[in-house]
Every structure is written in structure tokens, then in C-alpha cells.
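Asker: need coordinates for the below:
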Amino acid sequence: MRDLADLELAHRLADQADAIARGHFSTATVESATKSDGSPVTEADREIEIVLRSLIRQEHPDDAFVGEEFGAHGHGRRRWIIDAIDGTASFLAGEPEWSTLIAVEEDGRITLGMVSAPALGRRWWANPDSGSWTGSYPSTPDTTAHRLALSKGGSAQNAAIGIWPPPPRLNQQERAVAARLARSVNQVRPALDWTAAEPTAPAPRKPSTGSGTCHGALLVATGQLDAFLLLGAGPWDIAPLIPIVQEAGGTFSDLTGQHRTDTGAALFARPGLHQQLLDIAATAN
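Answerer: Okay, here's the model as predicted:
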């Protein structure tokens, strides 16, 4: 069973990433640099991506690989998509809401998704048609994985949604979409003026902060939000969450309704809400 073999390898990759990240996280200071897009990067990001790429090459030399820090390597019908540390700003601040994201894409379809958050002691994972799961990690003999299952959403006007990143990091069109959605629902996290182009003080907190998760899409998969819109994202920010949300009963697409990870936008939602939110977003165009 290829899916089970990939899942087993993904857990081993996550174990390696957890160990490296914890080693850096436990130090008094973590040095960082600023990338061209203004986001921070640490030596932990780079080390994890290098180690995971090497391990994947050993196990599956024909598989391609793409990571946030060092880009794409190889060509093939299968590729591994990795974000070594998602939430680097939280990592640098000594906060626990950061994670390693792992996905497998086969012939354009995401066939595995995993999020490992060692500072929270949790993982979330899914394969198509095998359910969406979360459990404590490192696991113990009495650890039981819990299957995620979502109820159907109601109307958009009663929904609570998350949007990220904050308005100053969005372009004008993205701010228009975010503002339109924020005006059309009952609650938006974070509660900001989504038309603002200038930074606010204090800096807004990610929707996942303090929620026991580390990615806004997990708030949907665990029933803590009705929807989450991620903008300006790379495939490594999106792909690992797709099967986790979908196998829990939720939905995913970009803002045009396509199941793509390369357009920079991802909308995750409870069943029954997705098209309503897409229709609202479309009126901002």
C-alpha cells in the first residue's frame, strides 16, 4: 500500500524535523535573516529542508521535491512538498504555534498531508479516503489518535472565518477580497480593518495563536472556525492542509474554485459554506 508507506515515511520525516527544530527552539536566541519577501528565515528552516530532502532521495530517488527555502529539485509524477517551519515568526518569538508541513503530490493530486507541531506536542495527518486524524506526539503506548469530522456549515452571514496575512501584506485586490468577506460574515479573525494598507500596532496575531493549532486551516478541520482564507501563499503552505481538511469533511479551492496550490490563494471551509464564500469573494472583483 503506497499511501501507508508514504504515511510511515512522513512520520519519520516529521520526527527528524521535530528533533532539529526543538534543538534550535530550546536555545536562548535563534538567529534569523530576512528573505526578499520580508519574511524571516532561520538556520533551522534550512537545516530541516536539507535533511528531509536527503532522506526522501534515499527512500524514493525518482520522486521530485519542492521546499520553501531551496525550491524545486528533480522531476517526476510524484513530488514531496515541504515547509520546514511554518510560522517562523512564532518560532523566533518562543511561541509554540509553528510546525513542519509535509505533503505528497501524485499526478497533480495531493495524496498525503501532515502537520507536525512539536512545541504543541501534536500532529495532524490524512490520506484520501482514510480519514483525517490528530494525535499527541511523541506518542506513547496509551496514545489514541482522534478522527476529525465536521458538521455542515450554515449561512455565510452567521459564519466565523479566519483570514491571513494582515492587510499591509496584501495587494490591493487581495485586500478587497478580504474586506468583502469580513463585511459579509458574523466574525472574522483577526478583527482588523481589512482595507488598511499601513501596519497596525500592536502587530495582529495569527488566527491559530492560542488555539492549540498552528495553521488557520487546522481551525477549520477541528471545527474551531467555519472557514479560513490564506492569501499570498506558496504550495508548501497549502498542499499539506488539503487532505486534512477534506478528509474531515471540509472543502478546499482557490478563489476561482479550482483545486490548485499554485495561485497563491486557498479557501478552506465547512461543507455547505464554500460556494457562498466564493460568491461573496467574486463580488470584490
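Asker: outline the domain layout of this structure.
Answerer: Annotated domains of the chain cover 2-147, 156-282 [automatic domain parsing].
Asker: export those domains to TSV and tack on mean neighbour count?
Answerer: For glycine as for every other residue, the C-beta is placed from the backbone atoms N, C-alpha and C. Listed next are these as TSV, based on neighbours: other CB atoms under 10 Å:
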stretch	mean neighbour count
domain 2-147	18
domain 156-282	20
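Asker: could you dump those domains to JSON lines with mean pLDDT?
Answerer: Output for the domains of the chain, formatted as JSON lines (pLDDT from 0 to 100):
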{"stretch": "domain 2-147", "mean pLDDT": "87"}
{"stretch": "domain 156-282", "mean pLDDT": "95"}
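Asker: and Arg53, what are its phi and psi?
Answerer: phi -60, psi -40 (degrees, to the nearest 10).
Asker: look up how far Ile102 lies from it.
Answerer: As judged by CB to CB, to the nearest Å, Arg53 and Ile102 stand 12 Å apart.
Asker: find the residues that touch each one of those two.
Answerer: Ile82 (CB atoms under 8 Å, 6 or more residues apart in numbering).
Asker: am I right that Ala10 is in a strand?
Answerer: No - counting by DSSP: H, G, I helix; E, B strand; the rest coil, Ala10 is not found in a strand; it is helix.
Asker: show me what contacts it?
Answerer: So Ala10 contacts 102, 104, 112, 114, 125 (CB under 8 Å, 6+ apart).
Asker: of these, closest to Thr144?
Answerer: Taking CB to CB as the measure, Thr144 lies nearest Trp125 of the contacts of Ala10, at 14.4 Å.
Asker: is it fair to say that closest one lies in a strand?
Answerer: Yes - applying three-state DSSP, one finds Trp125 inside a strand.
Asker: quick one: name whatever helix or strand follows the host helix or strand of Leu55.
Answerer: Leu55 is part of helix 43-59, with elements assigned from DSSP states H and E. Following helix 43-59 in sequence order, the next helix or strand is strand 64-67 (DSSP H and E).
Asker: what lines up beside that next one in the sheet?
Answerer: As defined by DSSP bridges, the strand partners of strand 64-67 come to strand 71-73 (antiparallel), strand 78-86 (parallel).
Asker: quick one: the helices in the stretch 51-200 of the chain, in order.
Answerer: 88-92, 172-184 (DSSP state H, counting those that start in this stretch).
Asker: in a markdown table: these, plus distance to Ala282.
Answerer: Output for the helices of the stretch 51-200 of the chain, formatted as a markdown table (distance: least, CB to CB, whole Å):
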| stretch | distance to Ala282 |
| --- | --- |
| helix 88-92 | 31 |
| helix 172-184 | 9 |
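Asker: to Gln276, which of those lies closest?
Answerer: Gln276 sits nearest to helix 172-184 of all the helices of the stretch 51-200 of the chain, at 8.9 Å, using CB to CB.
Asker: sounds good, over and out.
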